[in-house]
Each structure stands twice: as structure tokens, then as C-alpha cells.
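>>> my questions are about this predicted structure, shown below with the sequence.
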Amino acid sequence: MGEERGFLKLARQSSPYREVCERLSDYKEVYKMRPVDQSLEQASRCMDCSTPFCHWGCPLGNYIPEWNDYVFKGNWKQAFKLLEATNNLSEITGRVCPGLCEYSCVLGLNDDPVTIRENELAIAEAGFKNGLIRPSRIEKKTGKKIAVVGSGPAGLSCAAGLNRAGHSVIVFERNNKPGGILRYGIPDFKLEKHILDRRIDIWKEEGVVFKTGVNVGSDYSSKKLLEDFDAVCLAGGSGVPRDLLIEGRDLKGIYFAMDYLSQSNRRVSKESIGQTDLIDAQGKQVVVIGGGDSGADCVGTAHRQGATCVVQIEVLPQPAECRTPAQPWPKYPLLLKVSSSHEEGGQRHWAVLTKRFIGEKGWVKKLSCVKAEFSQASQKTCSLMQEIAGSEFEISADLVILAVGFLHPEHSGLLNDLNIKFDQRGNIFTQENHMTSVEKIFSAGDMRRGQSLVVWAISEGRRCAYFMDKYLMQESNLPII
Ligand SMILES: Cc1cc2nc3c(=O)[nH]c(=O)nc-3n(C[C@H](O)[C@H](O)[C@H](O)COP(=O)(O)OP(=O)(O)OC[C@H]3O[C@@H](n4cnc5c(N)ncnc54)[C@H](O)[C@@H]3O)c2cc1C
Ligand code: SF4
């Protein structure tokens, strides 16, 4: 049992990762699950604030103080019931969410915040362990047919909700297996894929139909999609990667992060990689361009593949280590993150601009770079960046990974065929009820919102399910945040 008013007596304690040399020899998750006693203790640090800012910070509106209290009392059943009420994939967010809620936790004002994400994971895993997660019986079918295009967290959450509302739901996915970036982007050392399969199997038992290996727009025409279904949710993600169109970009050995990570994930799960180049860091000097989370995933993957050295460069300056007056509580701050992959080795350089790639016999060999400086007003963008004269330097590389984000969803094919309208950033434009410019077609997740986070994709999928249900039935009992 934890302590009453634990925040006065107990320090925040996060679960340790496995030892670096042990975890580098496999692709298993880096975390060690926390013992139950420690979960009760850590949950007791929650102050049960009358204005819980954690709740405000979470895009899902998770009932955080309430489930913290149940964990503190060892009542996993009630904790789990509350967690499932707002989150379809808590075992996933419990592993990969950056924890927006923790940055807005009131305890974080003058102490370390509550370990909310880890508490969530403990509840989710207790739910599975104790058989609390079971396929629901769908009592009444509505006779309505719904297609969900894309099986990432947005599509999955939307499909799960609509299925429970009694509609017949088919999820189309062009990859061989469902999951989107959860399966083909996030490496196994952050999220082992049997965790995803465990949840998807429950939804299959509930009646959601998954049609994988189907690229909607070519294998299944947009005309047929409109004819066959009463409503459609487009949840295809933000698939067009940002490129670095500089001299030497056409050299061999330069790849996008998603091509690298999806191939690595396929190899880990012994799935065929098809007729593409093998991208492997074994014995190579690897440079990852892009200092964000996807870049960190590439760093961890390259180390596991046996890279001789890994350098990660970022054009923006190094973020602050703690909050600055410009990033006050309870806002989500842009701070320096040291991920498990960074602990495993490699070098990180900030404010580095890549000017050109230099090759030999058609293969990349070096990057020609220059140091950059920024005016105070432009710390978050490149708009007022200046190159520092005389700071030019080179980095050796025989594998370069571009992890510089995504632009927007693919317009050609399905979206253009459907005559979908886009917003200024090239994402799908929708009304507040998630309906696109085309009647009966809705959208959710990165495809609508732009590149974001798993927790936002789940939130979007849930909201979209509510509005689609309301569109079809005039009212909806599905939860809405
Ligand atoms: C490498 C990487 C690591 C990340 N790590 C994290 C993390 O640790 N934590 C976090 O919170 N967020 C992370 N993110 C962001 C997060 O994964 C995304 O915001 C989230 O997955 C978006 O969900 P989605 O359902 O909108 O789209 P996606 O997950 O992109 O899924 C879209 C799916 O639609 C399919 N599809 C597209 N078009 C069609 C079509 N025409 N027919 C059939 N299928 C189609 C695609 O194949 C894909 O499977 C990461 C992103 C990347 C790239
Ligand atoms: S803000 Fe922090 S301390 Fe307050 S209720 Fe939420 S988790 Fe508990």
C-alpha cells in the first residue's frame, strides 16, 4: 500500500531500463516492468488536485487523479475500468507516450511530477493479466457499413468505437499487418509487436474485419468505396516525408527514416521486405539527420544493427534542459530529451546545417556541414538562421538517414480521386465534426491533423467515431471528449 499524502514523503521513481549492453544485443523492450508495490507507492504521490491539470494536459481527458487513487488503494479493477473509458490503447500510450499530462502535473510546479505514464502502463498490464480485457458482445447491429482506411492508432480507435456502436466495420490497410506506425515505424525496443497483436485480436473477436494488403485507391477503387459503404473514415497518416534537396541527394546510401525503420521492424518480426534494397547499418558510419524522436529511433536501430559509429545532427539549437520563462508550466515545453537510444551511445550535434552530400562511385561518403546561429526570436524555426562563417566541417558517412519529419498525406491516388479538399498545410480539411469536403467521408489522425502523436491519433479516432455514429444514427452514445 502507498502512503497517504505520499508526495510529502516519496520521491518520484521511474522504472529503470535494462542494462545497455544487454538491450543492445536484442530488440526487446528497453523497460523493466515496475513491481506492484512501487506502483502503489508512486500512485500515492498524486495529490488528487481539485483542478487536475494533468487531465487538461491529456488529449484523451484520462481520469488521472481518479485512477491514481484506485492504484494507490490496490483496486486495479476500478482503475482499469476508468482507464478503458477514455483510451482504447492504454498499453501502447503507457509505453510510447511522451506524457503531455506529466508536464502539466501540479506537483511538477515545485517537485518532480507523478509517474502518470508508468501508472497507466501498470493499470493496462494489470487489466490484461487479470483477464479484465475481454471482447465485448455487440448486442444490436445497425445494418450500417463503414470503411476505415488505414490501421494506425487513429483508424483502430475509430473502428473499435464504431464496431461497439453496432456498425459493420472493415479496416483497410495496404501493409501486410495492421498497426500503422505502431507496427512499421516505432521500433520493437520501444513497443514489441505482440502487444499490438494482443489488442487487435480482441477487436477481431468483437467483429472488426481487417483487410490487409489492400491499397485503397488502386486495389479497391474510390468509386467502389463510395458505393459499398454508408460512411468512410480516412485515417491514412501523414505519408509524404520531408526531403533534403541538396547537392548529392541522389547518391546511394541516403534513405528516409520510415523506409529504414519499417524495413528493420519487418526483419525483426521475420516479415518479407520485398524487392527493395537492404538498408543495414552493420559496420557502417551512420549519420541521422533530424534531432527528434524518429531520429532517436534510427539511432537505437543503427546501434542494434552493429553500426561502427552513429552521429545525429539537428539544424535547430540545443533545447533547454529545464523550463524557461518562455515555456511556463503547464504548457508542454520543448526540452532536451535524452531517450533510451541516446543512452546507448553515439554523438549528438545541434545547430548543424547540411550543405551537400559528397560521394564516391555513386555512394555517399561524407556530409559537408556548417554551424548555424539563430536570433533569439527564432529558436524554434529556421527562419532567422545564419551560417557561421569559417565553421564548415565534414562528417564521414556511408549510411545517411533523413528523419526530418513529414509534409502531409499523399494526395495522388485515393484523395485526389475522391476530390478531397486540403488545408493550407496540405492535410485533409474537415469541419469540426471531422467530415471532409465530401459527404459521408470523414477523416482522423495525422492525415487530418498533420504529423503528431499516438495519443492525439487515438483522441481523433474516438471523436471521429462519435461524429460518424451521429451522422448515421442522428444521435450517439459513444463517448466524446
Ligand atoms: C518513426 C516514428 C516514431 C514515432 N514514435 C512515436 C512515439 O514514440 N510516441 C508517440 O506518441 N508518437 C510517435 N510517433 C507519431 C505517431 O506514431 C503518429 O502520430 C501516429 O501513428 C499517427 O497515427 P495515424 O493512425 O494517424 O496514422 P499512421 O500510424 O501513420 O497509420 C496510417 C496507416 O494508413 C495506411 N494507409 C495509408 N493510405 C492507405 C490506403 N490508401 N489504403 C490502405 N491503407 C492506407 C498506412 O499504410 C498506415 O498503416 C512516431 C512517428 C514516427 C514516424
Ligand atoms: S496534476 Fe498531478 S498531482 Fe494533481 S491530480 Fe493530476 S497527477 Fe495528481
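That came in fine, so what should we check first? Only a predicted model underlies this, so the values are computations on that prediction, with no experimental measurement involved. Ligands and ions are numbered 1, 2, ... in the order given.
>>> spell out which residues of this structure are next to ligand 2.
By the rule C-beta under 6 Å from any ligand atom, the part of the chain lying against ligand 2 is 46-49, 52-54, 64-65, 68, 105-107, 114, 116. Backbone N, C-alpha and C define where each C-beta goes, glycine included.
>>> which one among those gets closest to R242?
Distance to R242 across the residues of the chain next to ligand 2 (C-beta to C-beta) is lowest for I116, with 31.6 Å.
>>> what's the neighbour count on that closest one?
For I116, the neighbour count with other C-beta atoms under 10 Å is 28.
>>> over to P328?
9.
>>> likewise G413?
Residues within reach of G413, counting by other C-beta under 10 Å, total 14.
>>> and the residue nearest to L414 when sequence neighbours are not counted, what pLDDT?
In space, L414 comes closest to G217 once its chain neighbours are excluded; the distance is 3.0 Å by C-beta to C-beta, 6 or more residues apart in numbering. Note for G217: predicted pLDDT of 97.
>>> about what we covered before: please check the residues of the chain next to ligand 2 and keep the buried ones.
Neighbour-count burial (16 or more other C-beta atoms under 10 Å) applied to the residues of the chain next to ligand 2 gives 46-47, 52-54, 64-65, 68, 105-107, 114, 116.
>>> what does the stretch 301-450 of the chain have sitting close to ligand 1?
L414, G445, D446, M447.
>>> list the residues that contact the third one.
Residues counted as contacts of D446 (C-beta atoms under 8 Å, 6 or more residues apart in numbering) are G152, A154, G237, S238, F406, P409, N427, S452, A457.
>>> quick check on it: phi, psi?
Main-chain dihedrals, D446, degrees, to the nearest 10: phi -60, psi -30.
>>> now it, nearest residue through space, not along the chain?
S238 (3.9 Å).
>>> okay but the one you found is in contact with G426, surely?
No - between S238 and G426 no contact is recorded; they are 9.1 Å apart, counting by C-beta atoms under 8 Å.
>>> burial count for the residue nearest to D446?
24.
>>> quick one: pLDDT of it?
Per-residue confidence (pLDDT) for S238: 97.
>>> and the gap between it and ligand 2?
From S238 across to ligand 2, the span is 31 Å (C-beta to the nearest ligand atom, to the nearest Å).
>>> where's V311, which helix or strand?
strand 309-313 (DSSP states H and E).
>>> residues contacting G127?
The contact partners of G127, by C-beta under 8 Å, 6+ apart, come to W76, F80, L83, E84, S90, E91, I133.
>>> which residue does the stretch 251-400 of the chain bring closest to ligand 2?
Closest to ligand 2 within the stretch 251-400 of the chain is P330: 8.5 Å, counting by C-beta to the nearest ligand atom.
>>> let me see the contact set for F7.
S44, R45, C46, M47, L107, D111, V114.
>>> mind redoing it with 10 Å?
By C-beta atoms under 10 Å, 6 or more residues apart in numbering, the contact list for F7 reads S44, R45, C46, M47, V106, L107, D111, D112, V114.
>>> how many neighbours does the closest residue to it other than its chain neighbours have?
Distances taken as C-beta to C-beta, 6+ apart put R45 closest to F7, at 4.6 Å, once the chain neighbours are dropped. As a burial measure, R45 scores 27 neighbours (other C-beta under 10 Å).
>>> pretty sure R45 is touching Q13, no?
Yes - R45 lies in contact with Q13 (C-beta atoms under 10 Å); the separation is 9.3 Å.
>>> between these two, what contacts are shared?
Joint contacts of R45 and Q13 (C-beta under 10 Å, 6+ apart) are D112, T115.
>>> what mean pLDDT does the helix or strand containing F442 get?
Using DSSP H and E, F442 maps to strand 441-443. Mean pLDDT, strand 441-443: 98.
>>> and stretch 15-33, by the same measure?
In this model, stretch 15-33 carries a mean pLDDT of 96.
>>> ok, that stretch near ligand 1 or not?
No - using C-beta under 6 Å from any ligand atom, stretch 15-33 never reaches ligand 1; the gap is at least 12.1 Å.
>>> which positions in that stretch come out as buried?
Quick answer for stretch 15-33 (16+ other C-beta under 10 Å): S15, Y17, R18, R23, L24, Y27, E29, V30, Y31.
>>> distance of the fifth one relative to I123?
Okay, so that is L24. Distance of L24 to I123, given as C-beta to C-beta, to the nearest Å: 30 Å.
>>> same check, this time on the fourth one
Separation of R23 from I123 (C-beta to C-beta) stands at 25 Å.
>>> adding secondary structure, write the buried ones among the residues of the chain next to ligand 2 out as CSV.
Converted to CSV, those look like this (DSSP: H, G, I helix; E, B strand; the rest coil):
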residue, secondary structure
C46, coil
M47, coil
P52, coil
F53, helix
C54, helix
I64, helix
P65, helix
N68, helix
C105, coil
V106, helix
L107, helix
V114, coil
I116, helix
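>>> and those, which is closest to G166?
Nearest to G166 out of those is I64 (C-beta to C-beta; 30.4 Å).
>>> give the contact list for the closest one.
Neighbouring residues of I64 by C-beta under 10 Å, 6+ apart: 46, 48-49, 52-55, 57-58, 82-83, 86, 101-102, 105, 114, 116, 119-120.
>>> thanks a lot, see you next time.
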